[in-house]
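Participant: Structure, please.
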Amino acid sequence: MRSVGSIVRAFLTILLTAVAMGHVDNSLAQTPPDNSPPDTASAPIGVLAAAAMPKPVLALGEVVGLNVAIWSFDRYIRQSGGNPGFRIGFNSWEENFKNGFEWDDNSFSTNQYAHPYHGSMYFNAARSNGYDFWTSVPFAFTGSFLWEYMFEKHHPSYNDWVATSVGGTSLGDALSPVGSGSR
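Facilitator: Residues are numbered from 1 along each chain as shown. Here you go, the predicted model:
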């Protein structure tokens, strides 16, 4: 029989993967290269207008929500809630802002796989809410900045911020067509 922790871990993994891949088909909002209007005959009423308008509050809410979900997993489920690196609060936030960025010693797999995957979720939160490539990039940097300063007790690090933001933008752009339903 599976434990509650393994079920919650599986649920969070599926949830985070779905969010990282995006969930809105933005192809309806794109204008064909010949500048003719998009085919609206097959689009339900209101879908074209909704997909074309960026939704900044929803996009930022998803970025913060991702951080809260991942922090909750790290704080309460991972290592049975015994990891002190995720016991955050006003004191850890003050310490992080006083100390600023430093270099960390995470493993290669953490810096080159986990951080870009995390960043791709920020990037695709913006893409799935009507933003194009360049306007989605700041969401990756903002989400990573918030994580570094607010969601872990460890001091913020340059290499994590860059790996998450730049790697996340690259990976997120590669995954964006997968989640947008492109054919």
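Participant: Could you list the low-pLDDT ranges of the chain?
Facilitator: By pLDDT under 70, the low-scoring segments of the chain are 1-52, 179-183.
Participant: That one: helices as residue ranges?
Facilitator: Here the chain has its helices, by DSSP state H, at 4-20, 47-52, 56-72, 90-99, 108-109, 115-127, 133-150, 158-179.
Participant: could you dump the ones you listed to JSON lines with distance to residue 80?
Facilitator: (Each C-beta comes from the backbone N, C-alpha and C, glycine too.) As requested, these are arranged in JSON lines below (distance: least, CB to CB, whole Å):
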{"stretch": "helix 4-20", "distance to residue 80": "8"}
{"stretch": "helix 47-52", "distance to residue 80": "43"}
{"stretch": "helix 56-72", "distance to residue 80": "14"}
{"stretch": "helix 90-99", "distance to residue 80": "21"}
{"stretch": "helix 108-109", "distance to residue 80": "22"}
{"stretch": "helix 115-127", "distance to residue 80": "22"}
{"stretch": "helix 133-150", "distance to residue 80": "22"}
{"stretch": "helix 158-179", "distance to residue 80": "24"}
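Participant: between those, which gets nearest to residue 78?
Facilitator: Taking CB to CB, helix 4-20 is the member of the helices of the chain nearest to residue 78, at 8.4 Å.
Participant: quick revisit: comparing the helices of the chain, which stretch has the densest surroundings?
Facilitator: helix 115-127 (a mean of 28; mean count of other CB atoms under 10 Å).
Participant: So which elements touch that helix?
Facilitator: helix 4-20, helix 56-72, helix 133-150, helix 158-179 (3 or more CB pairs under 8 Å, 6 or more residues apart in numbering; DSSP states H and E).
Participant: picking that back up, between the helices of the chain, which one is closest to residue 82.
Facilitator: helix 4-20 (12.5 Å).
Participant: returning to what we had before: would you mind saying which of the helices and strands packed on helix 115-127 lies nearest residue 113?
Facilitator: Residue 113 sits nearest to helix 158-179 of all those, at 8.8 Å, using CB to CB.
Participant: circling back to that earlier point, of all the helices of the chain, which one comes closest to residue 79?
Facilitator: helix 4-20 (10.5 Å).
Participant: Quick check: closest non-adjacent residue to residue 170.
Facilitator: residue 116 (7.0 Å; CB to CB, 6 or more residues apart in numbering).
Participant: Tell me if I'm right that residue 83 and residue 75 touch.
Facilitator: Yes: counting by CB atoms under 8 Å, residue 83 does reach residue 75; the two are 7.2 Å apart.
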